[in-house]
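Visitor: With the input below, show me the fold.
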Amino acid sequence: QLQLVESGGGLVQPGGSLNLSCVASRLTLDSYVIGWFRQAPGKEREGVSCINKSGSRTSYRDSVKDRLTISRDNARKMVYLQMSRLKPEDTAVYYCAARARIFDECSLSRAGYAYWGQGTQVTVSS
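Guide: Predicted coordinates for the structure are as follows:
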C-alpha cells in the first residue's frame, strides 16, 4: 500500500512563501496521479492542485493559480508544492493524496483518491 508523508508546513507572514514536500514509500510513485488538498477549520477539504503521472499536465484551483506550482520527481518518489504570495485564506492543513491506479487524469475532486498523507499545517498570519 502506498504511504505518503508531507512536510514543509509552518507559519509565514502574508506575502511569504513555503515549499511543501510529499514523499512516497512502499510503492513506485509514477503509477499515481497526485493531488494536493487543503482543509481549513470548519470547512470542507478542497483540491488545490494536481499533477498527472508523468508530470506533463497540471491543474490548479482558481484561487491559487499563479501562486502555487506543483511538480514531481518520480525517481525520488517526491511531489512538491511551491507556494508564494501566500494569503491568510490559504491557512489550512495541506494533504497530498494519490488517486487509485486506474485513473490517468488529474482531478481536483476527492473522488478516486485512495491514499492520503497525514497533513502538514500551513498558517499565514502577521
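Visitor: Now do the contacts for R101.
Guide: Contact analysis of R101 by Cβ atoms under 8 Å, 6 or more residues apart in numbering lists 31-32. Yep, even glycine has a C-beta here, placed from its N, CA and C like the rest.
Visitor: And for the one 3 residues further on?
Guide: Shown here is D104, whose contacts under the criterion Cβ under 8 Å, 6+ apart are 33, 52-53.
Visitor: Give me the packing partners of whatever helix or strand V5 lives in, helices and strands only.
Guide: In this assignment (DSSP states H and E), V5 forms part of strand 3-7. Other elements packing on strand 3-7 under the criterion 3 or more Cβ pairs under 8 Å, 6 or more residues apart in numbering; DSSP states H and E are strand 18-25, strand 92-99, strand 113-116.
Visitor: so where does the closest residue to T123 other than its chain neighbours fall, helix or strand?
Guide: Computed as Cβ to Cβ, 6 or more residues apart in numbering, the closest residue to T123 that is not its neighbour in sequence is L11, at 4.7 Å. Per DSSP H and E, L11 falls inside strand 10-12.
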